[in-house]
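Enquirer: pasting a predicted model and its sequence here:
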Amino acid sequence: MEILMAFVIGILFMSATYLMLSKSLLRIIVGTGLLSHGAHMLILTMGGLKKGAAPLLGENAPSYTDPIPQALILTAIVISFGVTAFFLVLAYRAYQELGTDNMDRMRGTEGND
Amino acid sequence: MINFLILPILIPLVTGVLLIFASKRIMLQRWIAGISSVIAIIFSALLVQKVRVSGIQTLDVSSWEAPFGITLVSDMMSALLVLTTSIIAFLCLIYSFWSIGEAREKFYYYAAFNFLIVGVNGAFTTGDIFNLFVFFEVMLMASYVLLVLGGKKAQLRESIKYILVNVISSALFVIAVAYLYSVVGTLNMAHISVRISEASQGNPPGIITVIAVLFLIVFGLKGAIFPLYFWMPGSYYAPPAPILALFGALLTKVGVYSITRTYTLFFYHDTGFTHQLLSFLAIMSIIAGVIGAIAYWDIKKIIIYNIIIAVGAILFGVSAMTTDSLTGSIFYLIHDMIIKAALFLLAGIVIAIAGTSNLHKISGLIKRYPGLGWTFFIAALALAGIPPLSGFVGKLLIVKGGFEAEHYWGAGIVLMSSLLVLFSIMKVFINGFWGTPRAYKEEEKVPVGKMLIAPVILIVIAVFYGVGSEYVYPYISQAAETLANPEIYIEAVLKEY
């Protein structure tokens, strides 16, 4: 199971990197989304993939799954959801204002363009 | 009084929420924001005194005991940084009243401002590594809003790059925490330190070094160290002066604080590779920053590159890991927060008067604005660390610590950099303030006297911090003591260990 997860995470990171290296802003945002998915899967894997028990069943439970990674992922998902929403709105606004979504044409600062 | 240390986080949070509802009533917003930041200053000062008298303060949130719940920890270093943050926040706020403009004030400027302070104070206070990530995100989210507020073309363009860099570094942060959790099985920083010590008996596992470097990358991206500072000159160039002062004084310092915390609390067992790397990157940051500061003819750019130099100097002190160098680093860290805020605010006045930040187009300001000129001059001297002023003691201790740890080259470069810093900032003074006065279009509209209040107060603080360093020293050395001996921190948080 861990090996399978490692492949999944690797593929997610790979596609995220590929998308973020492209010039179109929308692809970059999708890339950041995939990157954070990869990171969340990594937390899940790193916390240990046990099967067959609920996170917590009282103090005398015979077995349980570590609930902390799930809590961490939940927090991280909410944060990345907020950031992605903000990023999308910003991208749209920037497209209206600058008339382009091509990162090549967003270079430079006021001083030297 | 055990709930004391959460107040510098709670006060701006409640204020921020209130301000959202009062967004169209500017005077009301100013009063609420102003009063709440004064209260925050008072409580942070009381907190510093409390820590001085009765040692490290901890708060187990919701009464979940230390290694299981989220713990807030206020040792001397974080208490001092929280106090500095509160003071700078108050002064930037006052400065904003006359410079930020009605449009921004009506669109949640003060609310975002307060949320930024929540994030910064939270990051300084928390004792839980994942909670640190959450406070980083709070701070970043507010900084995105502040950076883009106003919607000018340059702001939109730079915000996109800034957000992208920070999203990637946040993902790396989550990854680093995941690795760390799989190795040590805990998130409480004191507990992590204990577990790493247990795991490192004799032969520290290689994964700890990997995690250390990963943390260095994450915090280095926020703190703008050598290869990772590329985003900063562009992004910090876009927003107006008070926001720039907040970013320059606080945001990068949160990264520096986090590096200091993790490298003195977690990764101090095997300093061979990690601290050598940190020291190398610190020196490279100084060199790269100096090159930028000398090369540019733009007042904002020069000061922005000076942030990178300061970050390098502080981290060089941290990497040497002697008590002296750590004391110097904390001294210099607080000095740098105060003086960078002052310089950015002063630069903001210059830019408001001249309508440009290009030094070729500014000259002779001291004739008409002597107060501005002399304040800038003192700030410049303090930045370079001319003896009675605030930069001197910190740099002296950093260099001394560097020599003690036998980093002769590094300490030499820190010393040399002071001269070049002085050169870069004097270039601003000579070109901008001397020479023949020019007429500027917008200059009548600028309330220079009122805008000078905040930077003058900051400079006065900086002068006292330098001249009265004898009185400040006990506080700073208590902070360095905790950094040099992690057992104190661990004992205060976990009690039974």
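Expert: Ah, there it is.
Enquirer: residue of the stretch 251-400 of chain B with the smallest distance to chain A?
Expert: Chain A sits closest to B:Asp298 of the stretch 251-400 of chain B, with a gap of 5.9 Å, by C-beta to the nearest C-beta. Every C-beta, even on glycine, is put in place using the N, C-alpha and C of the backbone.
Enquirer: which non-adjacent residue is nearest that residue?
Expert: B:Ser357 (5.1 Å; C-beta to C-beta, 6 or more residues apart in numbering or on different chains).
Enquirer: quick one: neighbours of that neighbour, just the number.
Expert: Look at B:Ser357: counted by other C-beta atoms under 10 Å in any protein chain shown, it has 23 neighbours.
Enquirer: just confirm it contacts B:Trp297, I think it does.
Expert: No. Assessed by C-beta atoms under 8 Å, B:Ser357 is found out of contact with B:Trp297, at 9.5 Å.
Enquirer: who's in contact with the residue nearest to B:Asp298?
Expert: A:111, B:298-301, B:347, B:350-351 (C-beta atoms under 8 Å, 6 or more residues apart in numbering or on different chains).
Enquirer: what about the helices in chain A?
Expert: Using DSSP state H, the helices of chain A run over A:2-20, A:25-46, A:68-98.
Enquirer: pLDDT averaged over the first one, what's the number?
Expert: Read that as helix A:2-20. Confidence over helix A:2-20 (mean pLDDT, whole number) is 94.
Enquirer: same thing with the last one?
Expert: Mean per-residue pLDDT for helix A:68-98: 92.
Enquirer: CA atoms of the host helix or strand of B:Thr252 as PDB?
Expert: If you go by DSSP states H and E, B:Thr252 is part of helix B:252-265. Output of helix B:252-265 as PDB, limited to C-alpha atoms (Å, rounded to 0.1, in the frame of the first residue of the first chain):
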ATOM      1  CA  THR B 252      11.000  38.200   6.600                       C
ATOM      2  CA  LYS B 253      11.800  38.200  10.300                       C
ATOM      3  CA  VAL B 254       9.200  35.500  11.000                       C
ATOM      4  CA  GLY B 255      11.200  33.300   8.600                       C
ATOM      5  CA  VAL B 256      14.400  34.200  10.400                       C
ATOM      6  CA  TYR B 257      12.800  33.500  13.800                       C
ATOM      7  CA  SER B 258      11.600  30.100  12.600                       C
ATOM      8  CA  ILE B 259      15.000  29.100  11.300                       C
ATOM      9  CA  THR B 260      16.500  30.200  14.600                       C
ATOM     10  CA  ARG B 261      13.900  28.300  16.600                       C
ATOM     11  CA  THR B 262      14.200  25.000  14.600                       C
ATOM     12  CA  TYR B 263      18.000  25.100  14.300                       C
ATOM     13  CA  THR B 264      18.500  25.700  18.000                       C
ATOM     14  CA  LEU B 265      15.700  23.500  19.400                       C
END
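Enquirer: what about the residue lying closest to B:Ser285 once chain neighbours are set aside, how many residues close to it?
Expert: Nearest residue to B:Ser285, sequence neighbours excluded (C-beta to C-beta, 6+ apart): B:Gly312, at 3.4 Å. Using other C-beta under 10 Å, B:Gly312 has 28 neighbouring residues.
Enquirer: give me phi/psi at B:Gly312?
Expert: Phi and psi for B:Gly312, reported as degrees, to the nearest 10, are phi -60, psi -50.
Enquirer: ok, now B:Ile20?
Expert: Dihedral pair for B:Ile20: phi -60, psi -40, per degrees, to the nearest 10.
Enquirer: buried stuff in the next helix or strand after the helix holding B:Thr252?
Expert: Using DSSP H and E, the next helix or strand after helix B:252-265 towards the C-terminus is helix B:271-295. Neighbour counts using 16 or more other C-beta atoms under 10 Å in any protein chain shown place B:271, B:274-275, B:278-279, B:281-290, B:292-293 of helix B:271-295 among the buried residues.
Enquirer: same deal with stretch B:215-233?
Expert: For stretch B:215-233, the buried set under the neighbour-count rule, 16+ other C-beta under 10 Å, comprises B:215-216, B:218-226, B:228-229, B:231-233.
Enquirer: which one of those residues sits closest to chain A?
Expert: Nearest to chain A among the buried residues of stretch B:215-233, with distances taken as C-beta to the nearest C-beta, is B:Pro233, at 8.1 Å.
Enquirer: touching, A:Asp66 and A:Gly47? I think so.
Expert: Yes. Assessed by C-beta under 8 Å, A:Asp66 is found in contact with A:Gly47 at 5.1 Å.
Enquirer: which of those two has more neighbours?
Expert: A:Gly47 (21 against 14).
Enquirer: need the phi and psi values for the more buried one.
Expert: Backbone torsions of A:Gly47, given as degrees, to the nearest 10, read phi -70, psi -10.
Enquirer: and what of B:Leu59?
Expert: For B:Leu59, the backbone dihedrals are phi -140, psi 120 (criterion: degrees, to the nearest 10).
Enquirer: per-residue pLDDT, it?
Expert: 89.
Enquirer: was I right about it contacting B:Ile9?
Expert: No. Judged on C-beta under 8 Å, B:Leu59 makes no contact with B:Ile9 at a distance of 10.4 Å.
Enquirer: got any residues that touch both of the two?
Expert: Common neighbours of B:Leu59 and B:Ile9 (C-beta under 8 Å, 6+ apart) are B:Leu72.
Enquirer: more neighbours: the two, which one.
Expert: The residue with more neighbours, out of B:Leu59 and B:Ile9, is B:Ile9; 24 against 17, by other C-beta under 10 Å.
Enquirer: tell me the SS of that one?
Expert: Of the three states, B:Ile9 takes helix under DSSP: H, G, I helix; E, B strand; the rest coil.
Enquirer: got the confidence number for it?
Expert: Note on B:Ile9: pLDDT of 94.
Enquirer: what number of residues lie near B:Ser23?
Expert: Neighbour number of B:Ser23 under other C-beta under 10 Å is 16.
Enquirer: tell me the pLDDT at the spatially closest residue to it that is not a sequence neighbour?
Expert: Among residues not flanking B:Ser23 along the chain, B:Tyr108 sits closest, at 5.7 Å (C-beta to C-beta, 6+ apart). Predicted confidence (pLDDT) for B:Tyr108: 91.
Enquirer: I figured B:Tyr108 was touching B:Phe21, is that so?
Expert: No. Applying C-beta under 8 Å, one finds B:Tyr108 not in contact with B:Phe21, separated by 10.6 Å.
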